[in-house]
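Enquirer: I'd like to go over a predicted model; first the sequence, then the structure.
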There are 2 protein chains.
Amino acid sequence: MRPGILAIVGVGLIGGSIGKAAKERRLAERVIGVEPNADSAQWAVENGVLDAVVSQVPDNADLIALCVPSDLVAQWVIKLADHTAPMFDVGSVKEPIVKEIELTRITPSQFVPCHPISGSEKSGPQAADGDLFDGCTVVLTPSINTGPMAQQACADFWQAMGASVVSMSPDEHDAALAVTSHLPHLLAFAFMGQVTDQHLPLTGGGFRDFTRIAAANPDLWWRIMQLNQGALSQALDDYADNLRELSDAIASGDESRGLALIEAAAQKRRAADCGAA
Amino acid sequence: MRPGILAIVGVGLIGGSIGKAAKERRLAERVIGVEPNADSAQWAVENGVLDAVVSQVPDNADLIALCVPSDLVAQWVIKLADHTAPMFDVGSVKEPIVKEIELTRITPSQFVPCHPISGSEKSGPQAADGDLFDGCTVVLTPSINTGPMAQQACADFWQAMGASVVSMSPDEHDAALAVTSHLPHLLAFAFMGQVTDQHLPLTGGGFRDFTRIAAANPDLWWRIMQLNQGALSQALDDYADNLRELSDAIASGDESRGLALIEAAAQKRRAADCGAA
């Protein structure tokens, strides 16, 4: 069912892309935003991202997208606990958000923790892209309190934007994303530490692809890595083992071992492309 | 000066791309190839990569491109030591090639060690791309024996394919490329070791970019990492220090330190894009 009023709280890259997608695909009759940054808000209205900016989520909103940083989600959910509309967040780490809300004992059944696995090293509504979620996976991590109707409404909305929806527990999500997203960012940030201006002319497409995520928003990523510290630390330990095994094979010239490791990596990476949309 | 006959030894991705670029840009009157793999050779002739396949480099070749694996370059240079044409290789590691040739005491002045910093995770002449070198950097690492005329001929040829040419010593090259290319490959290969089939649906564009180089040719990369083991090991030690510093900051919640490291990384990575062609 198409929501009448879609309210987006926080109109940055993700919130802006949801607004743009909803308007382009006519997924809501009206798309309104709550955005404290006046320049971002004005830009979003003037550039087809939002129909209007409001100071607070209106009572008659039919679907609420909380696109604020992860550490602000809980307070918004609690603030809107009496609102009847389904609401979802887009945070990259789920367990701490779900826990923080549960601790307040105000656990509204209409809140659906979501994570669209999509993004960009860019930020702000100026980088909004109505196709950002087309072909991406959105993970729903319902808490024990999440109601089935709210969950269905959010799943329908993401699917209408072109995404595939999967469900899992918040901690399963955080452990998997520590490997597929948070660890690569950590590794790429650390790698840039040894790159100098003299190196830059001596780089090619491989370097540019490998390091692209290191240009991501530092504040956002510091928060993500803090929030998911436990799972990230485990992923890093596993990585250290794999790195040591391969570097030992190289150092000792153990071709059968080293080549087997590299071949397995290459095969797995090629399979990932076959499965991609 | 436009060479009459360009001879390419080894018609894979790089050799094929040189052939295609030379034909498309009319950089030689005739492009011929030496390629033991009959299927590759036939495909190259039928698809505009080569004019003809020959069994050995003819005496009247005007420029010779040795696009064989790094550990086979020296024997080709020695085999062609009496040939008068300038010849270059395209190996990713330079010092061992230069050393191996110097040890034979047959050090032809017409040999110019070259490395085009361009490539692809694909391989074979089927992946040849006539624009592969357009906008890329080619490093010339002349030995003390390399003659200025041969060097100029090779530089001119690369520039005509759209590349920027820089010169440095073989060991400077190998130390820099250990950081900008060989280490990223090692890190990405190791990373794939902990990625499972269950993770694949939970990946986005960041993962795909970060791991793209892990799909590269395993044999080729095993050889590169063996050949440049010393510099690569140094680069890996430096990396371990940077990784420990950042992960310690995350584990201890040292925001000022952690955020400063991430911000420096992001700033450096953005500057790299500004400098790119």
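Expert: Right, received. Where do you want to start? Because the structure is a prediction, the values reported are computed rather than measured. Numbers count the residues shown, from 1 in each chain, chains lettered A, B, ... in the order given.
Enquirer: what's the strand or helix carrying residue A:234 in contact with?
Expert: Assigned by DSSP states H and E, residue A:234 belongs to helix A:229-252. If you take C-beta atoms under 8 Å, 6 or more residues apart in numbering or on different chains as the criterion, helix A:229-252 is touched by A:171, A:174-175, A:177-179, A:182-183, A:186-187, A:225, A:254-255, A:257-258, A:261-262, B:186-187, B:189-191, B:193-194, B:225-226, B:229, B:232-233, B:236, B:247, B:250-251. No exception for glycine: its C-beta is placed from N, CA and C like everyone else's.
Enquirer: same thing but 7 Å
Expert: A:174-175, A:178-179, A:182-183, A:186, A:225, A:257-258, A:261, B:186, B:189-191, B:193-194, B:225-226, B:229, B:233, B:236, B:247, B:250-251 (C-beta atoms under 7 Å, 6 or more residues apart in numbering or on different chains).
Enquirer: Can you flag the buried ones in these?
Expert: A:174-175, A:178-179, A:182-183, A:186, A:225, A:258, A:261, B:186, B:189-191, B:193-194, B:225-226, B:229, B:236, B:247, B:250-251 (16 or more other C-beta atoms under 10 Å in any protein chain shown).
Enquirer: mind listing which of those residues are in helices?
Expert: Judged by DSSP state H, the buried ones among the contacts of helix A:229-252 include A:174-175, A:183, A:186, A:225, A:258, A:261, B:186, B:189-191, B:225-226, B:229, B:236, B:247, B:250-251 as members of helices.
Enquirer: which residues of the stretch 1-150 of chain A fall in helices?
Expert: A:13-24, A:38-46, A:70-79, A:95-103, A:148-160 (DSSP state H, counting those that start in this stretch).
Enquirer: so which of those helices is the most packed in?
Expert: helix A:13-24 (a mean of 25; mean count of other C-beta atoms under 10 Å in any protein chain shown).
Enquirer: which helices and strands does it pack with?
Expert: Judged by 3 or more C-beta pairs under 7 Å, 6 or more residues apart in numbering or on different chains; DSSP states H and E, helix A:13-24 is in contact with strand A:5-9, strand A:30-34.
Enquirer: What strands line up against the first one, and which way round?
Expert: So the one you mean is strand A:5-9. Taking DSSP bridges as the criterion, strand A:5-9 forms sheet pairs with strand A:30-34 (parallel), strand A:63-66 (parallel).
Enquirer: got the residues of the stretch 51-200 of chain A near chain B?
Expert: With C-beta under 7 Å from any C-beta of the partner chain as the criterion, the stretch 51-200 of chain A meets chain B at residues A:117-119, A:136-137, A:139, A:166, A:176-177, A:179-181, A:184, A:186-195, A:199-200.
Enquirer: which among those residues end up buried?
Expert: A:117-119, A:136-137, A:139, A:176-177, A:179-181, A:184, A:186-195, A:199-200.
Enquirer: before we move on, the earlier item: would JSON lines of the helices of the stretch 1-150 of chain A with distance to residue B:3 and mean pLDDT be doable?
Expert: JSON lines is the format used below for the helices of the stretch 1-150 of chain A (distance: least, C-beta to C-beta, whole Å; pLDDT from 0 to 100):
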{"stretch": "helix A:13-24", "distance to residue B:3": "51", "mean pLDDT": "96"}
{"stretch": "helix A:38-46", "distance to residue B:3": "55", "mean pLDDT": "94"}
{"stretch": "helix A:70-79", "distance to residue B:3": "60", "mean pLDDT": "92"}
{"stretch": "helix A:95-103", "distance to residue B:3": "64", "mean pLDDT": "93"}
{"stretch": "helix A:148-160", "distance to residue B:3": "58", "mean pLDDT": "97"}
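Enquirer: Would you mind saying which of those lies nearest residue B:206?
Expert: Among the helices of the stretch 1-150 of chain A, the nearest to residue B:206 by C-beta to C-beta is helix A:13-24 (13.3 Å).
Enquirer: which residues sit against that closest one?
Expert: In contact with helix A:13-24 (C-beta under 7 Å, 6+ apart) are residues A:6, A:8, A:11, A:27-28, A:31, A:33, A:44, A:48-50, A:65, A:67, A:90, A:120, A:122-125, A:127-130, A:132-133, A:161.
Enquirer: now that helix, how far from the chain's geometric center?
Expert: Relative to its chain's centre, helix A:13-24 lies at 14 Å (C-alpha atoms, centre = their mean, to the nearest Å).
Enquirer: That helix to helix A:148-160, inter-axis angle?
Expert: On the basis of axes from the mean of the first three to the mean of the last three C-alpha atoms, to 10 degrees, helix A:13-24 is oriented at 80 degrees to helix A:148-160.
Enquirer: Kindly tell me how buried residue A:244 is, as a neighbour count.
Expert: 12 (other C-beta atoms under 10 Å in any protein chain shown).
Enquirer: what pLDDT does it get?
Expert: For residue A:244, the pLDDT comes out at 98.
Enquirer: any idea how far residue A:186 is from it?
Expert: 17 Å (C-beta to C-beta, to the nearest Å).
Enquirer: Residue A:88 too?
Expert: Taken as C-beta to C-beta, the span from residue A:88 to residue A:186 is 27 Å.
Enquirer: try residue A:216
Expert: 11 Å.
Enquirer: What of residue A:80?
Expert: 33 Å.
Enquirer: can you check residue A:235 too?
Expert: As for residue A:235, its distance to residue A:186 is 9 Å (criterion: C-beta to C-beta).
Enquirer: for residue A:13, same thing?
Expert: 21 Å.
Enquirer: Below-threshold pLDDT in the stretch 51-200 of chain A: ranges please.
Expert: In the predicted model of the stretch 51-200 of chain A, residues A:121 satisfy pLDDT under 70.
Enquirer: just to revisit the earlier point, just say which of the strands paired with strand A:5-9 is most tucked in.
Expert: strand A:63-66 (a mean of 26).
Enquirer: which residues touch it?
Expert: Contacts for strand A:63-66 (C-beta under 7 Å, 6+ apart): A:3, A:6-10, A:15, A:18, A:57, A:73, A:76, A:80, A:83, A:85-89, A:153, A:157.
Enquirer: run the last query once more with 6 Å
Expert: Here strand A:63-66 makes contact (C-beta atoms under 6 Å, 6 or more residues apart in numbering or on different chains) with A:3, A:6-9, A:18, A:57, A:73, A:76, A:85-87, A:89.
Enquirer: So what's the residue count around residue A:29?
Expert: Other residues close to residue A:29 by other C-beta under 10 Å number 13.
Enquirer: per-residue confidence for it?
Expert: So residue A:29 comes in at 96 (pLDDT).
Enquirer: returning to that earlier point: let me have the strands paired with strand A:5-9 in JSON lines, extended by distance to residue A:102.
Expert: Listed next are those as JSON lines, based on distance: least, C-beta to C-beta, whole Å:
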{"stretch": "strand A:30-34", "distance to residue A:102": "25"}
{"stretch": "strand A:63-66", "distance to residue A:102": "17"}
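Enquirer: Any idea which of those gets closest to residue A:208?
Expert: The nearest among these, by C-beta to C-beta, is strand A:63-66 at 32.3 Å.
Enquirer: Figure out how far that closest one is from the centre of its chain.
Expert: 15 Å.
Enquirer: Same check on stretch A:171-180?
Expert: 12 Å.
Enquirer: what sits up against that stretch?
Expert: By C-beta under 6 Å, 6+ apart, stretch A:171-180 touches A:93-95, A:139, A:141, A:228, A:231-232, A:235, B:194, B:199, B:202-203, B:207.
Enquirer: can you list contacts of stretch A:94-112?
Expert: Outside stretch A:94-112, the residues that reach it (C-beta under 6 Å, 6+ apart) are A:73-74, A:77-78, A:81, A:86-88, A:91, A:113, A:141, A:143, A:145-147, A:150-151, A:154, A:170-171, A:173-174, A:227.
Enquirer: what are the phi and psi values for residue A:145?
Expert: phi -90, psi -20 (degrees, to the nearest 10).
Enquirer: Count the neighbours of it for me.
Expert: 15.
Enquirer: Next: residue A:256.
Expert: 8.
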